[in-house]
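Visitor: sequence-free structure coming up:
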């Protein structure tokens, strides 16, 4: 059986991205590989089963195109409203809170989106139902 171990995204400024993921989601470097032309930094926290791999290609000055295939990475938190407020206090720019409901009005999810320094979308979901 397969196990998801990481998702990779390319970043333009490794230190800026490391700070964002540390401040926003308490993700720290768990493993780092520095090569002459690029660095791979694997991030996780105590709750994460999988890692985010940040790939920094030295010397690249133009941004990466996300194309129309990239969607988002998702994190879950105990209280989405509280987490959004914390991110605002850090000077970050989370989008508005949203709720997703069944036709009968039952709550499916409470969430918001935020973008990392390279424009990758991140969904922050409150722990509830399927989203644990």
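Guide: Received, thanks. Source: prediction; values computed, not measured.

Visitor: pass me the low-pLDDT residue ranges in the protein, would you?
Guide: For the chain, no stretch is flagged by pLDDT under 70.

Visitor: how many residues are close by residue 1?
Guide: Taking other CB atoms under 10 Å as the criterion, the count of residues near residue 1 is 2. (C-beta placed from N, C-alpha, C; glycine too.)

Visitor: tell me the domain ranges of the chain?
Guide: Annotated domains of the chain cover 1-60, 71-132 [automatic domain parsing].

Visitor: tell me which helix or strand the closest residue to residue 102 other than its chain neighbours sits in.
Guide: Spatial nearest neighbour of residue 102, chain neighbours left out: residue 108 (6.0 Å); criterion: CB to CB, 6 or more residues apart in numbering. Using DSSP states H and E, the element containing residue 108 is strand 107-115.

Visitor: after that strand comes which helix or strand?
Guide: As assigned by DSSP H and E, the chain's next helix or strand after strand 107-115 is strand 121-126.

Visitor: distance of the residue nearest to residue 102 from residue 48?
Guide: As judged by CB to CB, to the nearest Å, residue 108 and residue 48 stand 23 Å apart.

Visitor: now do residue 55
Guide: Using CB to CB, residue 55 is found at 18 Å from residue 48.

Visitor: by how many degrees do the one helix or strand residue 75 maps to and strand 107-115 diverge?
Guide: Element membership for residue 75, per DSSP H and E: strand 73-77. Interaxial angle, strand 73-77 versus strand 107-115 (axes from the mean of the first three to the mean of the last three CA atoms, to 10 degrees): 120 degrees.
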